[in-house]
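Asker: sequence and predicted model, in that order:
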Amino acid sequence: MLMLPVRHKRSSSAVDMDISWKIFFLGVLLTLKGQALPADYGGDADAGELREDILEINLESQRDLFEGDIAVDPRRNAIVDEKARWKFPIPYILTDSLDLNAKGVILQAFEVYRLKSCVDFKPYEGESTYISFTKLDGCWSFVGDLHTGQNVSIGERCDTKAIVEHELLHALGFYHEQSRSDRDDYVKIWWDQIISGKEHNFNKYTDDFITDLNTPYDYESIMHYRPLSFNKEPDIPTITTAIPAFNEIIGQRLDFSAIDLERLNRMYDCAETHTLLDQCAFEQINICGMIQNENDDDDWVQTLSSTDINDHTLGGQCRDAGYFMKFDTANKEVGHSAILESRILYPKRGYQCLQFFYRIIGGPGDMLVIWLRMDDGTGTVRKPRKVHTIHGDDNSSWKIAHVTLNTEDKFRYFFQGTVTSKKAFGGILIDDIILSETTCPSGVWMVQNFTGLLLSTAHGTSVRSDCFYNSEGYGYGIDVYPNGRINASADYVGVTFHLCSGEDDAVLEWPAINRQATITIMDQDPDATLQMSNSRSFTTDESELWNKPSIFGTWDDTCNCFRGPEFGWSTFISHQQLKRRSFLKNDDLIVTVNFDDLTHLIKSEVPVQNEASYESPAIDKSVPLGPKVREARALSDPCEPNPCSNGGVCINSKGKASCRCPSGQMTVFSGEACEKQHISGEVLGVLFGGAAGTVALAAAIIATIRRQHRSSL
Ligand SMILES: [Zn+2]
């Protein structure tokens, strides 16, 4: 195994690199080769897995952000001060400065928090504290609840679900993973490879000041830097991991890691999530409280994986583990039936998605029906409602199903297996159920035998899905390029989206603008909270790509329809990433697709009800702007640490901190901590200067800004 060289002293130049250093770098360089951003990603939505990360995006920002994307000088890894913790639901504003795609992904990120934690959000209605999502310079956030209303900036190119999740974890009180006190046991900081003047972004904090909530160092955290962070040389890392395999993991931007969630749930004492109602992998003998119906003909049997039949949870890879539920239909009479019922569940939202894996071995002779049992009006859950029927076919491998339930009152769901023709062999299997109060994806495509496709499909060649239809009636399909698209690395899977013509086209709007296409390659972990799926979105514009496929597309016999032009990602996910986690469980790649109308979000901004307090927040002096520092230091000098953002100078005024905010050529800063940014008067003058009639207006705005600026001094 390649070991890290031990270097205790900082080196001022690269000349004195010893041999082991060079060997080490070579190793890391090879691993990082694929991580460099391509200069051109052609007609793609974005660079997919090679998309820039937060720090790269923020390099263009003039703002003096701490650790790359934190708006206040921090002193703790996770906030200990309970006053800085949020009460849920957190009020939010989606300002109209945001790109429409950003608004969509912010709502997606909220849904992940609701599925995996007790964190919840609600539209702002005049509360004194809230998060205002705004498109400013880059992706950044304050840390903790400031009790004044605060910005989270989702700037240009920050509009991915994972970046929003990351910035919201800052807002909830978390710092970066590599600033922990024990980080030197796990990562190596290459100080002489850091852009000079940026070294402070790699500070760590002593355990006097931080708490890690008693969780281990997490290479997989969504809060970790990537190897290439504040690096001088484009391919030379500034941070590497003690266990080399994790060099490819740090800085992952898929979703929360298991430990991210543990920390979040510990900090906020989360007992349950908002939208996860039930899940079961049938590994425990209590089968998650599911029950056998007593009036049916047969039972579902908890069955261990065997050489003949693997379970879905573990793929038959573990001895003595890997169970599924089975109704044996061999040699049973027609009509013979077995029913497996859930416990009583109490919905909050009125819509649910039941996802599960099933195998039907007996072909057309076996049938699986999903039912609901509803309240009969007397409080008894009794009245059945048939929801979905699945017939067996000649493909008897594991498949995924999504069933929409839409119920507002307490209910049970149940699986009914039925024999529809007598035969010598047969069986219906169920595994890995997840019931959540979310909407089911409108398109689900399981690409079987993906390893075979990787071997047999040429670079630039795709496999194409059937057409799916969203709730409005728009048809769409996707292409998966197992070995990359043209102009892209062959080490990546490319994914594109296109519209299909359909029977409702005559009444639909064309082009289909302001629709968000979201494509997800599913991590098939049986625990919904631990899934780290790879999800990407774009939002449609006026382009011909989104006009009628019957005019702008080409005829396809296989769907008996027209298919429009493709748009998507040449580098959606790397082969390396696909092998991790459970993206290829059972050798199946599962892709889910949504095509949602975001028109209702175009005007989403609501005015702040107490404008004065928003513009110049009246800061409660008992609540520190940053995380609480030790009393002794705070008493000795209120300017230590400097509470002023954006390069503001702190003045000790009668024992209290007061910020003198800077103004540059482009921007002026205001607010008690210089946290508000405005365009400078001179620039506004240039902007307005062209039209004589607006000079007066410009002057008025400049005067206002200057007044605000002075009043903050
Ligand atoms: Zn960050």
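Answerer: Yep, that arrived. Values in this document were obtained by computation on a predicted structure and should not be read as measured data.
Asker: show the low-confidence segments of the stretch 101-250 of the chain, by residue range.
Answerer: Regions of the stretch 101-250 of the chain meeting the criterion pLDDT under 70 cover residues 207-210.
Asker: name the residues that touch the helix or strand hosting Trp140?
Answerer: Using DSSP states H and E, Trp140 falls within strand 139-141. Residues outside strand 139-141 that contact it (CB atoms under 8 Å, 6 or more residues apart in numbering) are 54, 57-58, 61, 63, 65, 69-71, 150-155, 158, 163, 166-168, 170-171. C-beta: built from backbone N, CA, C; applies to glycine.
Asker: got a list of contacts for the helix or strand just after that strand?
Answerer: Using DSSP H and E, the helix or strand that follows strand 139-141 towards the C-terminus is strand 150-154. With contacts defined as CB under 8 Å, 6+ apart, strand 150-154 is touched by 71, 98, 102, 106, 129-142, 163-164, 167-168, 171, 675.
Asker: mind doing that once more with 6 Å?
Answerer: For strand 150-154, the external contacting residues (CB atoms under 6 Å, 6 or more residues apart in numbering) are Ala102, Ile131, Ser132, Phe133, Thr134, Leu136, Trp140, Ser141, Phe142, Glu167, Ala171.
Asker: which intervals of the stretch 351-500 of the chain have sub-threshold pLDDT?
Answerer: Using pLDDT under 70, the flagged stretches of the stretch 351-500 of the chain are 487-488.
Asker: strands of that one, start to end?
Answerer: Ranges of strands in the stretch 351-500 of the chain, per DSSP state E, counting those that start in this stretch, are 353-360, 366-375, 381-391, 399-404, 411-419, 427-436, 443-447, 463-464, 468-469, 475-481, 492-500.
Asker: which strands and helices lie in contact with the longest one?
Answerer: Right, strand 381-391. Strand 381-391 is packed against strand 366-375, with contacts defined by 3 or more CB pairs under 6 Å, 6 or more residues apart in numbering; DSSP states H and E.
Asker: who does the strand it packs on pair up with?
Answerer: Strand pairing for strand 366-375, determined by DSSP bridges: strand 381-391 (antiparallel), strand 411-419 (antiparallel).
Asker: kindly export it (C-alpha atoms) in CSV.
Answerer: The C-alpha coordinates for strand 366-375 follow below in CSV (Å, rounded to 0.1, in the frame of the first residue of the first chain):
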residue,chain,number,x,y,z
ASP,A,366,-48.7,-15.4,-11.3
MET,A,367,-50.1,-12.1,-10.4
LEU,A,368,-49.3,-9.5,-7.7
VAL,A,369,-51.8,-6.9,-6.6
ILE,A,370,-51.2,-3.9,-4.4
TRP,A,371,-54.1,-2.8,-2.2
LEU,A,372,-55.0,-0.3,0.4
ARG,A,373,-57.2,-0.9,3.4
MET,A,374,-58.9,2.3,4.4
ASP,A,375,-60.9,3.7,7.4
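Asker: Leu340 touches Trp300, doesn't it?
Answerer: Yes: contact criterion CB atoms under 6 Å: Leu340 and Trp300 qualify, at 4.3 Å.
Asker: mind checking which of the strands paired with strand 366-375 is nearest Glu437?
Answerer: With respect to Glu437, and counting by CB to CB, the nearest of the strands paired with strand 366-375 is strand 411-419 at 12.0 Å.
Asker: and Gly494, what does it touch?
Answerer: Per CB under 6 Å, 6+ apart, neighbours of Gly494: Tyr481, Gly484, Arg485, Ala488, Ser570, Phe572.
Asker: and which of these is nearest Thr599?
Answerer: Phe572 (26.5 Å).
Asker: tell me which helix or strand that closest one sits in.
Answerer: Judged by DSSP H and E, Phe572 forms part of strand 567-574.
Asker: next secondary structure after that strand?
Answerer: Per DSSP H and E, the helix or strand that comes after strand 567-574 is helix 575-579.
Asker: now that following helix, how far from the centre of its chain.
Answerer: Chain-centre distance of helix 575-579: 18 Å, with CA atoms, centre = their mean, to the nearest Å.
Asker: stretch 125-142 too?
Answerer: Distance, stretch centre to chain centre, for stretch 125-142: 18 Å (CA atoms, centre = their mean).
Asker: now do the buried residues in the strand holding Trp140.
Answerer: Buried positions in strand 139-141, judged by neighbour count with 16 or more other CB atoms under 10 Å: Cys139, Trp140, Ser141.
Asker: again, but for stretch 125-135
Answerer: Tyr130, Ile131, Ser132, Phe133, Thr134, Lys135.
Asker: then Gln279 would be within a strand, right?
Answerer: Yes: counting by DSSP: H, G, I helix; E, B strand; the rest coil, Gln279 falls inside a strand.
Asker: what about it, distance to Ile194?
Answerer: 44 Å (CB to CB, to the nearest Å).
Asker: ok, Thr496 next?
Answerer: 38 Å.
Asker: neighbour count winner among the two?
Answerer: More crowded of Thr496 and Ile194, by other CB atoms under 10 Å: Thr496, with 24 against 19.
Asker: ignoring the adjacent residues along the chain, who's closest to that one?
Answerer: Gly568 (3.3 Å; CB to CB, 6 or more residues apart in numbering).
Asker: ok, the one you found touching Val495?
Answerer: Yes: between Gly568 and Val495 there is a contact at 5.2 Å, judged by CB under 6 Å.
Asker: and the two? which has more neighbours close in?
Answerer: More crowded of Gly568 and Val495, by other CB under 10 Å: Val495, with 28 against 24.
Asker: residues contacting the closest residue to the more buried one other than its chain neighbours?
Answerer: Nearest non-adjacent residue to Val495, counting by CB to CB, 6+ apart: Phe572, 4.1 Å away. Residues near Phe572 by CB under 6 Å, 6+ apart: Gly48, Val493, Gly494, Val495.
Asker: tell me which of those residues is nearest to Phe425?
Answerer: Nearest to Phe425 out of the contacts of Phe572 is Val493 (CB to CB; 36.3 Å).
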